[in-house]
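Novice: Fold the stuff below for me.
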Amino acid sequence: MNLNQHGSHLIDESCNLLEDDSPKTSFGVESTKKFPSEAEVEGGQRTTVIVQYNPDLTAKIQFNKPGSHTSGWLFSTLMKRLRSQANDRLTQAKIRSIVAFKTAEKNLLRDVLLTIEDYPLTFLDQETILVPYFGSELRYREDSLTPLVGLQDFEFTKHLGHGGFSRVLLGKANSFSLLA
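Specialist: Residues are numbered from 1 along each chain as shown. Predicted coordinates:
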């Protein structure tokens, strides 16, 4: 097993955090909290996860035994809850652009662990607040679900020519790596 020292914590090659008694986080910042061990979490306390999409739309799940659930399970369960609570088609379309959840307090280590699909949820607090992370900010027309695309969405790389009423440019879409 290959171990890396990050601050006062050891992390193995699978990004598993190995417990120690130090009050520092893996980024060297003083912290009074440390991740509970699986035995502490499994002791009968319920874990509550709340997603705050906006002030009117939140999703909440509670579960026992965080070690038996994974980050992938959490993502799919929260997405189902958000989709079922969305009232209009525009909100449902925007929910589909969520690619991950991150902690509201911006804890980088926990944010990374939330993206590892088969990682057990033992790193979560008894109550954790998450916010969505969107893959791309799409702008929509008021009256339809058609995304708006404009010149600001492209990075132009080459001027190919011009005509009587237009210019022809080669560009790359900012949110994709396709040539347009």
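Novice: Name the residues of the longest helix anywhere in the chain that are buried.
Specialist: Determined from DSSP state H, the single longest helix within the chain is helix 71-85. Buried residues in helix 71-85, counting neighbours by 16 or more other Cβ atoms under 10 Å, are found at 71, 74-75, 78-79, 81-82. C-beta here means a position set from N, CA and C on the backbone, and glycine is covered the same way.
Novice: Buried residues, the helix or strand that comes right after that helix. List them.
Specialist: Once the chain leaves helix 71-85, the next helix or strand it forms, by DSSP states H and E, is helix 89-96. Neighbour-count burial for helix 89-96, counted by 16+ other Cβ under 10 Å, picks out 91, 94-95.
Novice: May I see those residues arranged in a markdown table, with distance to residue 151 and pLDDT as well?
Specialist: Formatted as a markdown table, the buried residues of helix 89-96 follow (distance: Cβ to Cβ, whole Å; pLDDT from 0 to 100):
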| residue | distance to residue 151 | pLDDT |
| --- | --- | --- |
| 91 | 28 | 85 |
| 94 | 23 | 84 |
| 95 | 28 | 86 |
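Novice: which one of those is nearest residue 122?
Specialist: Proximity of the buried residues of helix 89-96 to residue 122 (Cβ to Cβ) peaks at residue 95, which lies at 27.4 Å.
Novice: Could I get the phi/psi values of the closest residue to residue 156 other than its chain neighbours?
Specialist: Among residues not flanking residue 156 along the chain, residue 171 sits closest, at 4.2 Å (Cβ to Cβ, 6 or more residues apart in numbering). Main-chain torsions, residue 171, degrees, to the nearest 10: phi -150, psi 170.
Novice: give me the number of residues near residue 171?
Specialist: Applying other Cβ atoms under 10 Å, we find 14 other residues in the vicinity of residue 171.
Novice: Return the distance of it relative to residue 94.
Specialist: Relative to residue 94, residue 171 is positioned 26 Å away (Cβ to Cβ, to the nearest Å).
Novice: do residue 134 as well
Specialist: Applying Cβ to Cβ, one obtains 8 Å for the distance of residue 134 from residue 94.
Novice: same deal with residue 166?
Specialist: According to Cβ to Cβ, residue 166 stands 33 Å off from residue 94.
Novice: ok, the buried residues of helix 89-96 vs residue 126, which is closest?
Specialist: Distance to residue 126 across these (Cβ to Cβ) is lowest for residue 95, with 26.3 Å.
Novice: how close does the closest residue to that closest one other than its chain neighbours sit to residue 101?
Specialist: Distance criterion Cβ to Cβ, 6+ apart; nearest residue to residue 95, sequence neighbours excluded, is residue 82 at 5.1 Å. The gap separating residue 82 from residue 101 is 10 Å, by Cβ to Cβ.
Novice: Okay then, goodbye and thanks.
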